[in-house]
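In: sequence and predicted structure below; questions after.
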Amino acid sequence: FTQSALAVDTSSRTNNTSRFSDNTIDFSLAYKKTFSQKDQELDILINESLGSNTNDYTTQQDYTNVIYPSTGSIGTNPGADKETVIQVDYTQPITKTFSFETGAKATIENINNTVNTQTLDTTTGVYAFNPLQSYSFQYNSRVYAYYLSANFTLFDDFLDGKAGLRDEYTSLSSDFPNTILPSYNTLAPSFVLSHKLDKTQSIKISYSYRIQRPNYNSLNPFDNVADPHNISTGNPDLKPEFGHNFELGYNKSFSDGANIYFAGFYRYTTNDIQSFTTFAPELTIDGTTYSDVFLSEQANIGKQIDEGANLFASLPAGKFTFRTNMFFANREVEDPGLATVNGFYYRMNLNTSYEFAKDLAAEFFINYRSSQVTIQGTNPGFVFYNFAVRKQLWKRKASIGLTAANPFNQYVDVRTTTYGSNFNQSALREIPLRSFGISLMYKFGKMEFKKEKPTEDQQDNDTTPVPVGTTPATGTAPAGGGGTPGGGRGQ
């Protein structure tokens, strides 16, 4: 780890260890009512998720070229998260070419978190309990959403369309000190228009309005001084991101089952949330003055524009099935007080499955994401891959699966660069992502329930796990609980 500034030039080595345990129990209750009219349907879904986790960590930083004392901390971070989702959806056909859907969704999340921290006493070399870095908090999120959408066909089946409007009200509360989290309401329109060129080809144009809420870690104003030269804090004044997403796509299917989809897109985001770092020769927190400090916090950084293309392809080949998703874009980040930055980025993944028999299959998945520019530097690129095998039992009523993620690489290297008007900073972290798992599933009954429809963003987003701890600040105490609330059915 190296960093430099006009006031100081330092080099240091940081050693971190962490142990994370997570236990989650999910309950789900679904009700479905069909009617004599075809496609008329009522769906009610209740999900309850109870989670508890503990994250124990140690970190110690030793400076190699300056006379700074070593810094370090030991933390135990238990957390609990309870999330309840209640969703009602109703579909009503009016004619053969027109129907509407309506529904409501409530997402209620309660998070309790405790952080117990010991810090290294620079005079005795012993770790001692630090009350200023130990705390507990509660965070509550309520998201209430209602949507109305219409499906229609126009001009003698020339155009198929769907248009909708979703209203979301977000209410947040916490016992963060001296903090009042704002509530806000959002109207999110969307539409899709498609035209079939023939039986195998179609084109579509779509628009969606997106809201991305800051999570509780980003809002928590607690000052983490585990590393007194790299201090991090949350920002309770963060506003949600709002995005306008436009897409023009072409789809082609083939007689052998192959499929290809190509789309160009334009995404305009305001209140873009990014980590922002400043350097201060001196910084006073709770009566204590720290020297040569890099302070990192989340901020709404002006606007962000992404322009690019997305390619999806699927190809069956005997017992093999190949699927790929490629994403290429140019990103422009603009802040009124800083220079505008531009950069090309991409991600590519490949999914290959092989069917040994009707009840036995294997799968391999690999994803690469390139580095991305930020207003102050770059976020790292990385590669992630996994293997999976599934055996179905009892006439496909049950299955057992084995998974391995990054089995040949214990760590993923994460390199970040950050710069400002009076400093530059670079960091290399090794993030442990290797894991192994087993899954068991049993189903009974014949009734099928509707799955929640993905939004445009969910369809495009890269869902590969992203290494944590990629911000420039070091020594950040992990927080317990988890989950980002959502609202309403995607249009």
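Out: Arrived safely.

In: could you list the low-confidence segments of the chain?
Out: For the chain, applying pLDDT under 70 flags the ranges 1-12, 18, 65-66, 226, 445-491.

In: okay, helices next: where are they in it?
Out: Using DSSP state H, the helices found in the chain span residues 216-219, 456-460.

In: wait, Ala163 sits on Ser208?
Out: No. If you go by CB atoms under 8 Å, Ala163 and Ser208 don't touch, sitting 11.0 Å apart. For the C-beta atoms, the positions are set from N, CA and C on the backbone; glycine is no exception.

In: these two: which has the busier surroundings?
Out: The neighbour count for Ala163 versus Ser208, taken as other CB atoms under 10 Å, is higher for Ser208 (22 against 16).

In: touching, Thr321 and Leu315? I think so.
Out: Yes. Counting by CB under 8 Å, Thr321 touches Leu315, with 7.3 Å between them.

In: neighbour count: these two, which is higher?
Out: Thr321 (18 against 15).

In: so Leu132 makes contact with Asp286?
Out: Yes. Using CB under 8 Å, Leu132 makes contact with Asp286 at a distance of 5.9 Å.

In: ok, these two, which is more surrounded?
Out: Neighbours were counted for Leu132 and for Asp286 using other CB under 10 Å; Leu132 has more, 13 against 7.

In: and that one, what does it touch?
Out: Residues in contact with Leu132 (CB atoms under 8 Å, 6 or more residues apart in numbering) are Val225, Asp286, Thr288.

In: residues contacting the first one?
Out: By that I understand Val225. Contact analysis of Val225 by CB under 8 Å, 6+ apart lists Leu132, Gln133, Ile231, Ile285, Thr288, Tyr290.

In: how near is the fourth one to Pro228?
Out: Shown here: Ile285 relative to Pro228, a distance of 9 Å by CB to CB, to the nearest Å.

In: which one's more surrounded, the two?
Out: Counted by other CB under 10 Å, Ile285 and Pro228 do not tie: Pro228 has more neighbours, with 20 against 15.

In: what is the neighbour count of the closest residue to Ala150 other than its chain neighbours?
Out: Distances taken as CB to CB, 6 or more residues apart in numbering put Phe100 closest to Ala150, at 4.7 Å, once the chain neighbours are dropped. Neighbourhood size, Phe100 [other CB under 10 Å]: 15.

In: distance check, Thr122 against His229.
Out: From Thr122 to His229 the distance is 13 Å (CB to CB).

In: could you tell me which residues touch both of those two?
Out: What both Thr122 and His229 touch, as defined by CB under 8 Å, 6+ apart, is the set Thr71.

In: among the two, which residue is more densely surrounded?
Out: Per other CB under 10 Å, whichever of Thr122 and His229 has more neighbours is His229, with 23 against 12.

In: surely the more buried one meets Ser296?
Out: No. Using CB under 8 Å, His229 is not in contact with Ser296, being 11.6 Å away.

In: could you report the neighbour count for the nearest residue to Ile285 once chain neighbours are set aside?
Out: Leaving aside its chain neighbours, Ile285 sits nearest to Asp223 (5.0 Å; criterion: CB to CB, 6+ apart). As a burial measure, Asp223 scores 18 neighbours (other CB under 10 Å).
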